[in-house]
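> below are the sequence and a predicted model; questions follow.
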Amino acid sequence: HQQQQHHHQQPPKQQQHAGSAGGGVGGDAEEVVSYAHAYPPDSRLPTADGRDGRIPSAPLCGAKPLPPTAVLPPGSKVAAQIDDEEFILATVQSHSGEPPAADGAPSSSPLRYTVRDDDPDAAGPSALHTVGASRALPLPTSQPPLFVPGVHEHATGVRVLAMWPDSTVFYPAVVVSPPSKRQVERDYLVSFTDDFEDGRAVWRRVPIKYVLRDPRG
């Protein structure tokens with residue numbers, strides 16, 4: 001399918017600063033409020049059940065992965081890899097084929113998804129893409145009441161895909177500070193690849209929903 005013109009190969013640079021924060025991943029850097037106004041309402045995740053001191057263990061609670069035998073239902077939100085470099089926010093429309101068996105045996109008809117580009121400017125047949133299951137990365141669907149490092153979040157220094165603020169495109173980034181370390185907003189502070197202003201690395205805030213482990217390592 002033809003790519004939409006609004007997708008970018010490199011993150012655009014923004015200038016809306018919100019005070020500096022030195023040290024950490026990437027050395028001296030400046031933290032910015034990356035969203036034009038506030039996080040969009042649909043970026044907020046419901047809180048998973050953690051009653052009786054239990055640690056929520058449901059798949060897609062924060063960074064918890066989806067089992068490889070699972071099939072995403074229509075309406076699921078994913079970061080869809082539509083070519084070798086580009087991941088876009090998309091919604092599952094349907095699937096074909098089957099996932100691997102519980103013992104890991106591959107399916108004779110591999111699982112594939114038809115997804116629709118979530119960019120508001122995408123329309124018509126070019127907004128639809130068919131991708132293999134490994135190229136449809138499901139977004140978190142809930143967050144825990146208490147983040148357990150190594151369970152519900154990507155740790156500092158981990159390579160991730162994060163959605164560029166006010167866009168529907170995911171870019172490579174490194175976690176600077178995970179939700180458990182954030183004092184006000186439970187989000188991620190990340191450093192996008194090649195994101196510099198005035199020669200300094202920039203750290204940007206991204207909601208939990210839009211930060212995924214980069215499958216390319």
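Good, I have the coordinates.

> how about Pro179, phi and psi?
phi -50, psi -40 (degrees, to the nearest 10).

> swap in Tyr113?
The phi/psi pair for Tyr113 (degrees, to the nearest 10) is phi -120, psi 140.

> look up the residues forming beta bridges with the closest residue to Gly217 other than its chain neighbours.
Nearest non-adjacent residue to Gly217, counting by CB to CB, 6 or more residues apart in numbering: Arg159, 6.7 Å away. Where you see a C-beta, it was placed from the backbone N, CA and C, and this is true even at glycine. Counting by DSSP bridges, Arg159 is bridged to Val174.

> do you know how far Arg159 is from Pro178?
Look at Arg159 and Pro178: by CB to CB, to the nearest Å, they are 13 Å apart.

> neighbour-wise, which of the two wins?
More crowded of Arg159 and Pro178, by other CB atoms under 10 Å: Pro178, with 26 against 15.

> give me the phi and psi for the residue nearest to that one when sequence neighbours are not counted.
In space, Pro178 comes closest to Glu153 once its chain neighbours are excluded; the distance is 4.2 Å by CB to CB, 6+ apart. Backbone geometry at Glu153, expressed as degrees, to the nearest 10, gives phi -150, psi 160.

> strands of the chain, start to end?
Taking DSSP state E to define them, one finds strands in the chain at 17-21, 29-32, 77-81, 87-96, 112-117, 128-132, 136-138, 159-163, 169-177, 187-192, 196-197, 200-207, 211-213.

> dump the ones you listed to TSV, plus distance to Ala105.
As requested, the strands of the chain are exported to TSV (distance: least, CB to CB, whole Å):
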stretch	distance to Ala105
strand 17-21	49
strand 29-32	47
strand 77-81	24
strand 87-96	19
strand 112-117	18
strand 128-132	17
strand 136-138	21
strand 159-163	29
strand 169-177	31
strand 187-192	36
strand 196-197	47
strand 200-207	37
strand 211-213	25
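
> mind listing what's buried in stretch 82-89?
Going by neighbour count (16 or more other CB atoms under 10 Å), the buried part of stretch 82-89 is Ile82, Glu86, Phe87, Ile88, Leu89.

> ok, the closest residue in space to Ser43 that isn't next to it in sequence - contacts?
Excluding its sequence neighbours, the residue lying closest to Ser43 (CB to CB, 6+ apart) is Pro207, at 4.0 Å. Pro207 makes contacts with Tyr39, Ser43, Arg44, Leu45, Asp187, Tyr188, as judged by CB atoms under 8 Å, 6 or more residues apart in numbering.

> again with Glu185
So Glu185 contacts Arg205 (CB under 8 Å, 6+ apart).
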